[in-house]
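> Just the structure for this:
(2 chains)
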Amino acid sequence: GIQVEQSPPDLILQEGANSTLRCNFSDSVNNLQWFHQNPWGQLINLFYIPSGTKQNGRLSATTVATERYSLLYISSSQTTDSGVYFCAVERLIQGAQKLVFGQGTRLTINP
Amino acid sequence: KAGVTQTPRYLIKTRGQQVTLSCSPISGHRSVSWYQQTPGQGLQFLFEYFSETQRNKGNFPGRFSGRQFSNSRSEMNVSTLELGDSALYLCASSLVAPSRVPHNEQFFGPGTRLTVL
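Now for the predicted structure:
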């Protein structure tokens, strides 16, 4: 099946720093979403980005579908940005579209 | 518009018992998908329901089952609980069935954290 790899697995930064999270996928996909999982477990939608670039405040994302990767940029990090970031790709598997998650990047922002 | 809601938020059960979890999708959404999250396996797809029918199923044993009601609310049931079933169970809703229509954004609920002792 399709492989989704996120890097780095862990990232520790000081408040105010910028960061780039990467998501590589092994095959063509129909859709890609980025999520932030907060300390209470909820997955918060960040971007729905099958291709191109989107920005939302301090966050932006770029997906290059032809090269099978997506990047999530966080600028001027705040402690509330801490948590696990997941990318998930949608792929036709056995006749049905399925959402496949990467293992996540754990981001820790220290004050 | 209210988000996806899940009840209960926390649950403690013992081996051999059964459990039922509930998910109410965003108003107007007709599809509900369920995922299991564990530290070792990450986020894994359980099943997807649309219009009261299971449309898609992951690789989980038959102890895991679900259903969807006419108001799109969904329940999942796990029978004969095992220690390894301890996990965060997340449900996601989308407007239409992700299994049939690509480019379909999914929105997640807060999850139910199940502990099996």
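
> Check chain A for its longest strand and report it.
Identified as the longest strand of chain A according to DSSP state E is strand A:83-93.

> Which strands or helices does that one pack on?
If you count contacts as 3 or more Cβ pairs under 8 Å, 6 or more residues apart in numbering or on different chains; DSSP states H and E, strand A:83-93 packs onto strand A:4-7, strand A:19-25, strand A:31-37, strand A:69-74, strand A:96-101, strand A:105-110. All C-beta atoms are positioned from the backbone trio N, CA, C, and that covers glycine.

> Show me the shaky parts of the chain.
Let's take chain A. Within chain A, the ranges that satisfy pLDDT under 70 run A:93-97.

> nope, chain B
Within chain B, the segments meeting pLDDT under 70 span B:1, B:97-103.

> One more pass at 90, please.
Residue ranges of chain B with pLDDT under 90: B:1-2, B:39-41, B:50-51, B:54-59, B:94-106.

> for it, what spans make up the strands?
B:5-7, B:10-13, B:19-24, B:31-38, B:42-50, B:53-57, B:64-68, B:74-78, B:87-94, B:107-108, B:112-116.

> Using CSV, please lay out those together with distance to chain A and mean neighbour count.
Shown next, in CSV, are the strands of chain B (distance: least, Cβ to the nearest Cβ, whole Å; neighbours: other Cβ atoms under 10 Å in any protein chain shown):
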stretch, distance to chain A, mean neighbour count
strand B:5-7, 9, 16
strand B:10-13, 10, 13
strand B:19-24, 13, 19
strand B:31-38, 7, 23
strand B:42-50, 4, 22
strand B:53-57, 4, 16
strand B:64-68, 16, 19
strand B:74-78, 16, 21
strand B:87-94, 5, 24
strand B:107-108, 4, 21
strand B:112-116, 7, 18
